[in-house]
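Student: here is my input, please return the structure:
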Amino acid sequence: MSPETVFVAGATGLVGKPLLRRLVDRGHHVRALVRNDPSATMVLTMGAEPILGDLSTPGPWQDHLGDCTSVIDASQARPRGRLTARRATAAGRDRVRFTQNLLTAIRNGHASLGSYVWLTGLDELVPTAERWVDEGSPLALRPHGFARIGSQIRPVVEAAHQTWGLPLVSLHMGLIYGPEGWFPDYLRRIQRRRFAMVGDGQNFVSLVSVHDVARAIVAAVERRPAGERFVVVDDEPVRQAEFVRFVADRLGVSAPRRKVPLWLAGLVVGRAAAETAAADVRAHNRRMKSELGVTLEFPSYREGVPPLVAEYLASASGVRPAGS
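Tutor: Model prediction:
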């Protein structure tokens, strides 16, 4: 394996931090786009090269793409507060602008890319009657949930792939859990008995640890399967109610029983967020394993969630978990 020069957009988010660590550990030279000096310092401590800039605005950051062999677009444009359908659509328009600035820099810099790894979600895929999705699933014509964001970006990156050869690799992510993002607040709401399931709780959720997302992205960088797409999930889809019971048990509290209909959840958290929470999807990861060669560190939530709960409880009590 030859070392890559990798440009990472979205380097300080949920996916970005474990991704940077894995890229550096694998011997790649990493350039991480950051917006401020504190983020630059954090990136430096991980062994990556910080590049100051903002995807929303063209600038000197674009000059650092000319000799890159891979670009990872893990950027986000999520509004604060409720993720309503209107806000999700607006966030999608912002992401389109971010992506266009990135693609312009690649073309103008004549970057000789082996891969452009783009992260999207399962909401873009239409499940079978049995509620399964895989790489052969058709794309949804009427986006819902987080696909209200990603579906606006897809035509942009696919047009670049078809017209001027962008080596696009699309990764359809399951619901990503980790020490940041939505999961700590999820734990707090269950622990404080402020949690309610969306719908009847019998819908299947396809999860994936953020650390295994990093493994899949790095595999895409190293294997360069241009023009392909992969579903990135763990081995065990789980019903929403079962997952909630599992988490509550690890927290040492009784499982929440309160349920709210989709329309009411939409008023509380926003329609787009509620649609994703209520989605009933089981996803296959066979191609991720066979063609990208990904071996999961956490094959299911049963292995991945307990360490996060232990870390959360230790942090709340001021005691560091054993082995940290």
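
Student: isn't Arg302 up against Phe246?
Tutor: Yes. Using C-beta atoms under 8 Å, Arg302 is in contact with Phe246, at 7.4 Å. C-beta: built from backbone N, CA, C; applies to glycine.

Student: and those two? which has more neighbours close in?
Tutor: Phe246 (17 against 13; other C-beta atoms under 10 Å).

Student: contacts only, for that one.
Tutor: Going by C-beta atoms under 8 Å, 6 or more residues apart in numbering, Phe246 touches 238, 301-302, 305.

Student: restricted to helices, list these.
Tutor: Using DSSP state H, the members of the contacts of Phe246 that fall in helices are 301-302, 305.

Student: turn the residues you listed into JSON lines, including pLDDT and distance to Arg22.
Tutor: Formatted as JSON lines, the ones in helices among the contacts of Phe246 follow (pLDDT from 0 to 100; distance: C-beta to C-beta, whole Å):
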{"residue": "Tyr301", "pLDDT": "98", "distance to Arg22": "21"}
{"residue": "Arg302", "pLDDT": "97", "distance to Arg22": "23"}
{"residue": "Val305", "pLDDT": "98", "distance to Arg22": "20"}
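
Student: give me the nearest residue to Gly304, chain neighbours excluded.
Tutor: Take Gly304 and drop its neighbours on the chain: the residue closest to it by C-beta to C-beta, 6 or more residues apart in numbering is Phe298, 3.4 Å away.

Student: for the one you found, which residues are in contact?
Tutor: 209, 211-212, 234, 304.

Student: do the same with Glu135
Tutor: Counting by C-beta under 8 Å, 6+ apart, Glu135 has contacts 172, 228-231, 287.

Student: ok, so of the contacts of Phe298, who is nearest Val96?
Tutor: Set against Val96, the nearest of those by C-beta to C-beta is Asp212 (28.1 Å).

Student: wouldn't that closest one be in contact with Leu296 here?
Tutor: Yes. The pair Asp212 and Leu296 qualifies as a contact (C-beta under 8 Å) at a distance of 5.1 Å.

Student: hey, what's in contact with both of the two?
Tutor: By C-beta under 8 Å, 6+ apart, the residues touching both Asp212 and Leu296 are Asp234.

Student: neighbour count: those two, which is higher?
Tutor: When Asp212 and Leu296 are compared on other C-beta under 10 Å, the one with more neighbours turns out to be Asp212, at 26 against 21.

Student: who's in contact with whichever strand or helix holds the more buried one?
Tutor: Using DSSP states H and E, Asp212 sits in helix 210-223. Contacts to helix 210-223, defined as C-beta under 8 Å, 6+ apart, come from residues 1, 4, 6, 14-15, 18-19, 21-23, 26, 28, 70, 72, 74, 114-115, 117, 119, 169, 171, 173, 176-179, 181, 230, 232, 234, 288, 291-298, 304.
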